[in-house]
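J.: have a look at this fold, sequence not included:
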């Protein structure tokens, strides 16, 4: 169950790695944001050792969701450890809810993203909604 602050949900953080799972999380966040008139922060975090992907990837992801035009979405790309940057943005932007999905690819990438989701669930100072399994 989502614990909603007294003032309701005004800010939603959606971490993305541009996977189908991330798309599911973004769709859920857009639906919720439309209902409660919330702003979405769409965050992609590149691991420290990698070159930052093309910033247009976020725009390509958003283009899949025409309904997103009715919601304020603030895209951002950061470098660092994904769970640390997610938690940093949660604190900096006073996020009310994080909507996140575990990665569904097998192997190392799945384990890495699943562990990011678990760390965020444990350490976040706001409610966390995990979309999918």
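T.: Right, received. Where do you want to start? Quick caveat: nothing in here was measured; it's all calculated off a predicted structure.
J.: for residue 39, what are its contacts?
T.: 10-12, 33, 71-74 (C-beta atoms under 8 Å, 6 or more residues apart in numbering). Glycine gets a C-beta too; all of them are placed from N, C-alpha and C.
J.: how near is residue 56 to residue 75?
T.: The gap separating residue 56 from residue 75 is 10 Å, by C-beta to C-beta, to the nearest Å.
J.: how confident was the prediction at residue 31?
T.: Turning to residue 31, the model gives it a pLDDT of 95.
J.: next one: residue 48
T.: pLDDT, residue 48: 66.
J.: also the one 3 residues further on?
T.: According to the predicted model, the pLDDT of residue 51 comes to 62.
J.: ranges for the strands of this protein?
T.: Assigned by DSSP state E, the chain shows strands spanning 11-15, 39-46, 73-79, 97-100, 127-130.
J.: about what we covered before: check the contacts of residue 39 and tell me the two furthest apart.
T.: 10 and 73 (14.0 Å; C-beta to C-beta).
J.: of the two, which one has the most company?
T.: Under the criterion of other C-beta atoms under 10 Å, the comparison of residue 10 against residue 73 puts residue 73 first, with 19 against 15.
J.: partners of the more buried one in the sheet?
T.: residue 40 (DSSP bridges).
J.: I'd assumed residue 43 was in contact with it.
T.: No: applying C-beta atoms under 8 Å as the test, residue 73 and residue 43 come out as separate, 10.9 Å apart.
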